[in-house]
Every structure is written in C-alpha cells, then in structure tokens.
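J.: With the input below, show me the fold.
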Amino acid sequence: MTNSISPQENSHPVPCRGLSSWNDIGALLARRNHANPLTIKPRPHRLGRSIHTKQRNEKSMSNPSSVDSQRNLSIFGVGPAFVILSVLYSLIGMSCRYLWPETMTISLIPMSWQTGLGGLLIAVGFPFFIISVRILKRGFPQGSLFTHGPYAACRHPVYAAWVVFLVPGLGLLMHSRPMVLVVLAMYLTLRLLVRKEEEELARLFADEYVRYKKTTPAVFPLLHRMWRSKE
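T.: Numbers count the residues shown, from 1 in each chain. Take a look at the predicted model:
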C-alpha cells in the first residue's frame, strides 16, 4: 500500500535544515540585507547629460530667437553662393591677365607701390577674416546678435574681408586690371545675396537689428570701431 500525503499536510513547504521556522529564515535575510544593503548608484555621465539638456532646453525657452535663428538661418549664410561666384569671377580675371599681359597690367601706379599696398591689404584682411569667423562660430549657436569686434566695423565682416582686403590685395600684387572689375562684381553680387539674410535678421531681432543696421555699414568697415566694448 503506497503512502499518500493529504493536501493539508502539503500546503506548507518544509523549512530548510538548521532553521526551525520561517521566522528564522526571515531574520537571516534581514541580517544579510543589513550587512550588505543593495544600493543603486546614479551614473554620473548620464545625470550630467540630463542636467545639461535640461539647462539647454530652459535657455532655448527663455530665448526663442535662438531656436528660430537655428531653424531659418544657416551659419554659412550666403557664403557658398558668394564663394562660387567669386571664384568664377577671379578665374576669368586671372585668365584675362595672362592672355593679354600688356593690356591687362596696371600701369598708372608704380609697381612697388602696388606691391606694398597689396601686401598691406592682405596683412589687414587675413586676421580680420579669422577673427570674424571665430566670433561667428561662437555666437551663432547662442542665437544672439553680436555687434562687437569686426561686427562693430561692418555688418558682414566675413565677406568684407574678401571684397575690401584680400581680393584687392591679390589684384595689386598681380598688377592686374581685371581684378579691379572682379572686386566690383563681387561687391554687387554680395549686396544682392545678403538682402534675404538681412530681412531674416530683421525679423528675428526686430528693433535691435534695425538700430544696428542704421549705425553700421554693410561691407566697407570702419576699422576704428573694432575695439569698441562688447555690448
């Protein structure tokens, strides 16, 4: 005859050997948890990233023009189109200079003067361009209108560096008449291209940009204003 266990007898499992009751098991587990508590340590890099994201979102909410400027304006502006057209003009001018050297050479100004003036323009224009680009790279993500440094001298100093300093300086070093026409073509092209960009800036910064536009030339820089204190 086989042994059978009633449901009442099998309703409670048998405790482990060495422990007299389930209360002892509970006490043992409590002691272990007290000796080695289970702790969840925050991950610093994720926490820091979350705080940074929250601060950036709060800053964007407090300065909606920053969000709009990043959506509607590119940090390059009209630069790509301006560069392509300027390179095309320059290639045509240099080709004319070398195809007809006697006709296309500047003869009214002594060549030594041309060389000295051309070198001076390049010496001024290159740092003017570098400083303008650095300010643009730092200020554009903030969505603010910066009016200090080269931007106090003119509204478009990145383009002005080429139109006013670098390309004329190169033309004088080459003693090239066509390069004078290249500069004129670059200036007219620039004034046409930046209209849309200026309209967008006026929409974003309203009266602030209107005042800036009235007091600051577009292309030809007033160099003495570069050292004006940052507003």
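J.: Can you name the next helix or strand after the helix or strand in which Leu204 is found?
T.: Taking DSSP states H and E as the definition, one finds Leu204 inside helix 178-205. The first helix or strand that comes after helix 178-205 along the chain, using DSSP H and E, is helix 207-215.
J.: quick one on the thing from earlier: what comes up buried for the helix holding Leu204?
T.: Residues 178-179, 182-183, 185-187, 189-190, 193-194, 197, 200-201, 204-205 are the ones in helix 178-205 that count as buried (16 or more other C-beta atoms under 10 Å). From N, CA and C alone the C-beta is placed, and that goes for glycine too.
J.: Ser86: which of those is nearest?
T.: Met186 (5.1 Å; C-beta to C-beta).
J.: on that earlier part again, and the helix holding Leu204, average pLDDT?
T.: The average of the pLDDT scores along helix 178-205 is 93.
J.: Could you single out the nearest of the buried residues of helix 178-205 to Phe220?
T.: Taking C-beta to C-beta as the measure, Phe220 lies nearest Tyr187 of the buried residues of helix 178-205, at 9.2 Å.
J.: mind listing what that closest one touches?
T.: Contact analysis of Tyr187 by C-beta atoms under 8 Å, 6 or more residues apart in numbering lists Val163, Val219.
J.: Distance check, it against Trp162.
T.: Counting by C-beta to C-beta, to the nearest Å, the gap between Tyr187 and Trp162 amounts to 10 Å.
J.: Give me the common contacts of the two.
T.: Joint contacts of Tyr187 and Trp162 (C-beta under 8 Å, 6+ apart) do not exist.
J.: neighbours around Ile92, how many?
T.: As a burial measure, Ile92 scores 14 neighbours (other C-beta atoms under 10 Å).
J.: Renumber starting at 200 from here on
T.: Done: numbering now begins at 200, and the last item shifts to Ile291.
J.: what helix or strand is it on?
T.: helix 278-298.
J.: Check which residues of that helix are buried.
T.: Phe281, Leu284, Ser285, Tyr288, Ser289, Gly292, Met293, Cys295, Arg296.
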